[in-house]
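A.B. asks: quick one: sequence and predicted model below, then my questions.
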Amino acid sequence: MSQLFAPFTLKSVTLRNRIGVSPMCMYSARDGLMTDWHLVHLGARAVGGAGLVLAEATAVAPEGRITPGDAGLWNDGQIDPLARICRFVVAQGAVPGVQLGHAGRKASAARPWEGGAHLASDGEGWDIVAPSAVAFGHGLDRVPQALTLEEIARVQSDFVTAAMRALAAGVEWLELHAAHGYLGHQFLSPLSNRRTDEYGGDFERRIRFVVETTRRVRAIWPERLPLTVRLSCTDWVEGGWTIDESVELARRLKTEGVDLIDCSSGGASPTAKIPVGPGYQVPFAARIRREAGLATAAVGLITEPAQAADIIQQEQADLVLLAREFLRDPNWPLRAARELGVMPPPRPPAPYLRAW
Ligand code: XEN
């Protein structure tokens, strides 16, 4: 049988297969509250057979939202809408997860379909913060305020409190977002981190924010539940964050109790030349898995059932996370099982049985 449909156990959580829904921003929340849109978006993919359903980058503080439409977990009122989604996802046989994030200098932007540029703080936007007062550029041109040490500690506390709310909502798989040029990644990358204190400079100092935040979250996140970190494994820019650094960071995160690295790339620089193609980030997942001895998830232009099955078969990653392909086909896992001839085929929900 294709190993793509073999169960995967991480801590006390077992996924029915190796297929996850990658966290995808919907920009459709109101005041950080997930809406019916999120229930249908995430619920449909649980119905479609995904093993893991990860909700989008969810802001730990209002100023950490990418856009005014981002989901959040910065207040207790935001627990219930997420809890409703978790209950539905579990009822479909999938595991519900959430990605916690802070956008840093990429915050306060218009939704992509409204242009994606920074919103002014005297309009719909808000003041933005980052490791250093360096703008991203290309429409995200506002210069962020460099975080003080007190403010860094405050953001880390926000991650902890948001994680506690996720737990209260019934989330069983927690991912910390340290990729795609958002706050955690902004600390890691020399392109965005120009600090001269203990949070910037050499590798040890640039990783401090992510390592400390992870340690503080792991301290309250139950040992029985997986904690994962998404990394941009390279900036694809000379002088930027590298795959070698990602391997070493993964080793450190393993000792902090991280269970899996979700291996993406890019997002730190608008001028990066990224060789986008089928499975282009898979080699990062393979290297970290092999050299850091940690489970990995592969993501990025994984679209074909045979391609996904190969990644798992060749032990390049423990999981595949699909993003845009899941938008095209919420039933991708059921279709993949049929194409791969998986026996016995996974059962769709009873009301859909006659279509499969
Ligand atoms: C390098 C960008 C990867 C794709 N995106 C990721 C997002 C939102 C915008 C698009 C994220 O991680 N929240």
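C.D. replies: Good, I have the coordinates.

A.B. asks: now the protein against the ligand: closest residue?
C.D. replies: Gly267 (3.3 Å; C-beta to the nearest ligand atom). Yep, even glycine has a C-beta here, placed from its N, CA and C like the rest.

A.B. asks: residues near that residue, how many?
C.D. replies: 20 (other C-beta atoms under 10 Å).

A.B. asks: same question, Ala109
C.D. replies: Using other C-beta under 10 Å, Ala109 has 25 neighbouring residues.

A.B. asks: same deal with Glu304?
C.D. replies: Other residues lying near Glu304 total 14 when counted by other C-beta under 10 Å.

A.B. asks: show the pLDDT at it.
C.D. replies: pLDDT recorded at Glu304 is 98.

A.B. asks: which parts of the stretch 1-150 of the chain are helices?
C.D. replies: Per DSSP state H, counting those that start in this stretch, the stretch 1-150 of the chain carries helices over the ranges 36-47, 79-91, 149-169.

A.B. asks: in TSV: the ones you listed, plus mean neighbour count.
C.D. replies: Listed next are these as TSV, based on neighbours: other C-beta atoms under 10 Å:
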stretch	mean neighbour count
helix 36-47	20
helix 79-91	19
helix 149-169	18
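
A.B. asks: will you turn those into JSON lines that also has mean pLDDT?
C.D. replies: JSON lines is the format used below for these (pLDDT from 0 to 100):
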{"stretch": "helix 36-47", "mean pLDDT": "98"}
{"stretch": "helix 79-91", "mean pLDDT": "98"}
{"stretch": "helix 149-169", "mean pLDDT": "99"}
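
A.B. asks: need those helices in a markdown table with distance to Phe136, can you?
C.D. replies: Compiled in a markdown table, the helices of the stretch 1-150 of the chain are given as follows (distance: least, C-beta to C-beta, whole Å):
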| stretch | distance to Phe136 |
| --- | --- |
| helix 36-47 | 27 |
| helix 79-91 | 29 |
| helix 149-169 | 18 |
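
A.B. asks: make CSV out of those helices and add distance to the ligand.
C.D. replies: Shown next, in CSV, are the helices of the stretch 1-150 of the chain (distance: least, C-beta to the nearest ligand atom, whole Å):
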stretch, distance to the ligand
helix 36-47, 14
helix 79-91, 17
helix 149-169, 15
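
A.B. asks: identify the residues contacting Arg216.
C.D. replies: Residues near Arg216 by C-beta atoms under 8 Å, 6 or more residues apart in numbering: 156-157, 159-160.

A.B. asks: just to revisit the earlier point, got a list of what the residue of the chain closest to the ligand touches?
C.D. replies: With contact taken as C-beta under 8 Å, 6+ apart, Gly267 is in contact with 179-182, 185, 232.

A.B. asks: how many other residues sit next to Ala306?
C.D. replies: Neighbourhood size, Ala306 [other C-beta under 10 Å]: 13.

A.B. asks: measure the closest residue to Glu245 other than its chain neighbours to Tyr182 for me?
C.D. replies: Leaving aside its chain neighbours, Glu245 sits nearest to Phe203 (6.1 Å; criterion: C-beta to C-beta, 6 or more residues apart in numbering). According to C-beta to C-beta, to the nearest Å, Phe203 and Tyr182 sit 19 Å apart.

A.B. asks: could you do Met343 as well?
C.D. replies: If you go by C-beta to C-beta, the gap between Met343 and Tyr182 works out to 42 Å.

A.B. asks: coming back round to it: comparing Phe203 and Tyr182, which residue is more hemmed in?
C.D. replies: Neighbour totals were compared for Phe203 and Tyr182, and Tyr182 leads with 25 against 16 (other C-beta under 10 Å).

A.B. asks: measure Gly267 to Gly240 for me?
C.D. replies: In terms of C-beta to C-beta, Gly267 sits 11 Å off from Gly240.

A.B. asks: mind saving the C-alpha coords of stretch 81-101 as PDB?
C.D. replies: Output of stretch 81-101 as PDB, limited to C-alpha atoms (Å, rounded to 0.1, in the frame of the first residue of the first chain):
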ATOM      1  CA  PRO A  81     -15.300  30.100  16.700                       C
ATOM      2  CA  LEU A  82     -12.100  28.000  16.500                       C
ATOM      3  CA  ALA A  83     -13.600  25.400  18.900                       C
ATOM      4  CA  ARG A  84     -16.600  25.000  16.600                       C
ATOM      5  CA  ILE A  85     -14.200  24.300  13.700                       C
ATOM      6  CA  CYS A  86     -12.100  21.900  15.800                       C
ATOM      7  CA  ARG A  87     -15.200  19.900  16.800                       C
ATOM      8  CA  PHE A  88     -16.200  19.500  13.200                       C
ATOM      9  CA  VAL A  89     -12.800  18.600  11.900                       C
ATOM     10  CA  VAL A  90     -12.500  15.900  14.700                       C
ATOM     11  CA  ALA A  91     -15.900  14.600  13.800                       C
ATOM     12  CA  GLN A  92     -14.700  14.000  10.200                       C
ATOM     13  CA  GLY A  93     -11.700  11.900  11.400                       C
ATOM     14  CA  ALA A  94      -9.000  14.600  10.900                       C
ATOM     15  CA  VAL A  95      -6.800  16.300  13.400                       C
ATOM     16  CA  PRO A  96      -7.300  20.000  13.900                       C
ATOM     17  CA  GLY A  97      -4.200  22.300  14.100                       C
ATOM     18  CA  VAL A  98      -3.500  26.000  14.100                       C
ATOM     19  CA  GLN A  99      -0.500  28.100  13.100                       C
ATOM     20  CA  LEU A 100       0.300  31.000  15.500                       C
ATOM     21  CA  GLY A 101       2.000  34.000  14.000                       C
END
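
A.B. asks: need the pLDDT of Trp356.
C.D. replies: We note a pLDDT of 86 for Trp356 in this prediction.
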